[in-house]
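> A structural model of the following input is requested.
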Amino acid sequence: CNGACVFCSPESSSTLATEFKKLGLISQIPPSSWCDDPELLDRFITDLIQNPNLHYLHFLGGETIITPGFKKILSALVDADLAKNTTIGFTTNLNVWSDSIVELLKEFYQVNLGMSIETLTPVNDYVRYPSQHKVTQQLLDRWVAIGQEQGWLIQLRLTPTCLTVGDLSSVYEYAWKHNLSVESCNFIDRPEF
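Down below sits the predicted model:
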């Protein structure tokens, strides 16, 4: 992931892993993702395109848009004529944009788009470093416009903390204004998170 969220860990963020190693908090960088191995990625793609009953594929971990394997998998599914019957799910941290990814996503039957955001204030810049709330807002607006135009399932994803709870209403107000749902893991049943 290109982010270094204050509530994340080196296992989920290559940026944090590098910083933790420099600070001596970890002795080695966690292993790379399986999708960084060209042989494993090709084998996975081969298995996918040989499955005529593929209907849903959800991508987790890091910033999906900057993961080369994501684009390669999407392209392979489009080329194999499987996109028209397949739903793609993924989450973006609203720090990057890719026109080529968006064009590929438009080829799929449906897209379930999650957008991670904590606040629509400068607090977001701190907890989701290195985001910049003005850029985050622009990318959020852009994704919402495309998602609504394409009829995608779109939702805002929160990880509320004591640092953001005072500004959560900014996200809920945006969601209300744009008719979006808000999802949060561990918010009610695991408040220690």
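
> Just the buried residues of the lowest-mean-pLDDT helix or strand in the chain, please?
Sorting the helices and strands of the chain by mean pLDDT, DSSP states H and E puts helix 14-22 at the bottom, at a mean of 85. For helix 14-22, the neighbour count (16 or more other C-beta atoms under 10 Å) marks 14-17, 20 as buried. To be clear about C-beta, it is placed using only N, CA and C from the backbone, and glycine gets the same treatment.

> Can I get it in PDB, CA atoms only?
Provided in PDB are the C-alpha atoms of helix 14-22 (Å, rounded to 0.1, in the frame of the first residue of the first chain):
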ATOM      1  CA  SER A  14       4.800  -1.500   2.400                       C
ATOM      2  CA  THR A  15       5.300   2.100   3.300                       C
ATOM      3  CA  LEU A  16       4.900   1.400   7.000                       C
ATOM      4  CA  ALA A  17       7.100  -1.700   6.700                       C
ATOM      5  CA  THR A  18       9.900   0.400   5.300                       C
ATOM      6  CA  GLU A  19       9.500   3.000   8.100                       C
ATOM      7  CA  PHE A  20       9.200   0.400  10.900                       C
ATOM      8  CA  LYS A  21      12.400  -1.300   9.600                       C
ATOM      9  CA  LYS A  22      14.300   2.000   9.600                       C
END
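
> So which elements touch the longest helix anywhere in the chain?
In the chain, taking DSSP state H as the definition, the longest helix is helix 133-150. Contact partners of helix 133-150 among helices and strands, from 3 or more C-beta pairs under 8 Å, 6 or more residues apart in numbering; DSSP states H and E: strand 110-116, helix 123-127, strand 153-158, helix 168-178.

> Now render the ones you listed as JSON lines, adding distance to residue 74, mean pLDDT and mean neighbour count.
JSON lines is the format used below for these (distance: least, C-beta to C-beta, whole Å; pLDDT from 0 to 100; neighbours: other C-beta atoms under 10 Å):
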{"stretch": "strand 110-116", "distance to residue 74": "10", "mean pLDDT": "96", "mean neighbour count": "19"}
{"stretch": "helix 123-127", "distance to residue 74": "28", "mean pLDDT": "92", "mean neighbour count": "19"}
{"stretch": "strand 153-158", "distance to residue 74": "17", "mean pLDDT": "94", "mean neighbour count": "19"}
{"stretch": "helix 168-178", "distance to residue 74": "25", "mean pLDDT": "95", "mean neighbour count": "16"}
